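Chemist: Predicted model and sequence follow; I will ask about them next.
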Amino acid sequence: MGTVNLADTHPSDLPELLERRNKTAVDLHDHSFLELSYILRGEALHTLDGQTTRLRAGDYVFIDRGSHHGYRALSDSYDCFDCLFLPQVLDPALAGSVHLSAVLTHYLLHLDRRLLADPAHLVFHDENGEVLTLLQRLQRELAARPAGCREMCRCLLVEILLLSLRSIADTDAPADTPAARLCSFAKAHFAEDISLAALAADMHYSLPHISRSFKAEVGVTFTQYVTALRVSQACRLLADTALPVAAVAEAVGYHDMKCFAAQIKARTGFPPAAFRRRHRKNAAASFVAI
């Protein structure tokens with residue numbers, strides 16, 4: 001059983017979409033990236049972390065980093081799309097994240113509803129072909145690499161993830177919960193000095209109660225959520241603008257450069273300036289003139 005890695009020459013801020021034809025079997029393996037596998041034709045048995053399920057055309061699965069999985073054709077062979085991507089494809093601030101859960105709790109995808117099951121251990125079915133259409137658009141983007149390719153790929157992956165999550169979200173769960181209102185406030189004001197104690201008082205809740213309910217619903221503390229918003233915006237500014245590092249820190253609400261640098265390094269593995277250089281090097285390597 002081996003571990004598969006994305007090619008060293010593959011840009012870390014773009015997905016890799018492989019169209020595999022006439023496959024009969026894939027041995028058990030794990031990998032250091034996230035994967036969406038979509039069956040185009042035929043049927044196959046998919047074994048994931050010891051559980052085996054039957055996949056047919058239109059079915060797709062998400063495979064988490066570190067999970068062991070493999071395939072065996074039930075028909076003569078099967079065809080599939082394998083979309084391989086690192087978390088930072090969706091947001092540079094997710095660099096170094098280990099599991100699909102870190103991607104799904106990211107503020108770009110937060111549904112303000114509870115998921116009824118772990119998406120990494122479910123079989124989804126593309127009833128109306130929406131997901132396949134998005135994968136085909138992704139394939140065309142990666143083949144042509146036009147201007148804005150990185151951003152378009154990110155948007156297509158976010159749409160695929162949201163379409164999938166809708167089907168397993170608890171539709172009875174109220175969307176306008178105190179935690180949801182706090183999330184909305186944080187998204188609009190993360191660069192300001194935010195006091196959860198003051199917000200709790202404004203909402204007529206005790207601080208311990210609002211802290212517990214926020215952690216239970218969102219999966220992280222309010223402080224961690226605000227930090228993630230700040231770091232995510234900082235990473236985008238570092239990657240896509242020429243603003244000085246100090247100006248980036250100020251723009252996202254940090255007045256202490258040591259604290260800012262420590263948060264960026266903790267989330268991405270690199271201090272701000274090194275993160276900027278690495279991201280721009282990857283972006284330059286992924287651009288192909290047409």
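Modeler: Sure, I can see it.
Chemist: A strand includes residue 176, no?
Modeler: No: under DSSP: H, G, I helix; E, B strand; the rest coil, residue 176 sits outside any strand and is assigned coil.
Chemist: Tell me how far it lies from residue 218.
Modeler: Relative to residue 218, residue 176 is positioned 14 Å away (CB to CB, to the nearest Å). In this view, the C-beta of every residue, glycine as well, is placed from N, C-alpha and C.
Chemist: Could you do residue 272 as well?
Modeler: Residue 272 is 26 Å from residue 218, by CB to CB.
Chemist: Over to residue 163?
Modeler: 22 Å.
Chemist: Comparing these two, which residue is more hemmed in?
Modeler: residue 218 (20 against 15; other CB atoms under 10 Å).
Chemist: show me what contacts the more buried one?
Modeler: Residue 218 makes contact with 105, 110, 179, 183, 225, according to CB atoms under 8 Å, 6 or more residues apart in numbering.
Chemist: top of the residues you listed by neighbour count?
Modeler: Neighbours here mean other CB under 10 Å. Within the contacts of residue 218, the largest count is held by residue 225, at 23 neighbours.
Chemist: where does it land in three-state SS?
Modeler: helix.
Chemist: Next one: the residue positioned nearest the centre of the chain from residue 127, what distance?
Modeler: Nearest to the mean C-alpha position of the chain, by CA atoms, centre = their mean, lies residue 103 at 3.4 Å. As for residue 103, its distance to residue 127 is 23 Å (criterion: CB to CB).
Chemist: Which stretches in the stretch 1-150 of the chain count as strands?
Modeler: Secondary structure of the stretch 1-150 of the chain (DSSP state E, counting those that start in this stretch): strands at 2-4, 16-23, 25-31, 34-41, 43-48, 51-56, 59-63, 69-73, 78-85, 124-125.
Chemist: need these in TSV with distance to residue 194 and mean pLDDT, can you?
Modeler: As requested, the strands of the stretch 1-150 of the chain are exported to TSV (distance: least, CB to CB, whole Å; pLDDT from 0 to 100):
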stretch	distance to residue 194	mean pLDDT
strand 2-4	41	61
strand 16-23	38	93
strand 25-31	38	90
strand 34-41	31	96
strand 43-48	40	94
strand 51-56	42	93
strand 59-63	33	96
strand 69-73	41	94
strand 78-85	32	95
strand 124-125	37	95
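Chemist: Please convert these to CSV, extending it with mean neighbour count and distance to residue 242.
Modeler: Output for these, formatted as CSV (neighbours: other CB atoms under 10 Å; distance: least, CB to CB, whole Å):
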stretch, mean neighbour count, distance to residue 242
strand 2-4, 10, 37
strand 16-23, 14, 29
strand 25-31, 14, 35
strand 34-41, 21, 31
strand 43-48, 19, 44
strand 51-56, 14, 47
strand 59-63, 22, 36
strand 69-73, 18, 43
strand 78-85, 21, 27
strand 124-125, 16, 41
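Chemist: okay if I get these as CSV plus distance to residue 188?
Modeler: Listed next are the strands of the stretch 1-150 of the chain as CSV, based on distance: least, CB to CB, whole Å:
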stretch, distance to residue 188
strand 2-4, 41
strand 16-23, 35
strand 25-31, 38
strand 34-41, 29
strand 43-48, 39
strand 51-56, 42
strand 59-63, 31
strand 69-73, 40
strand 78-85, 29
strand 124-125, 32
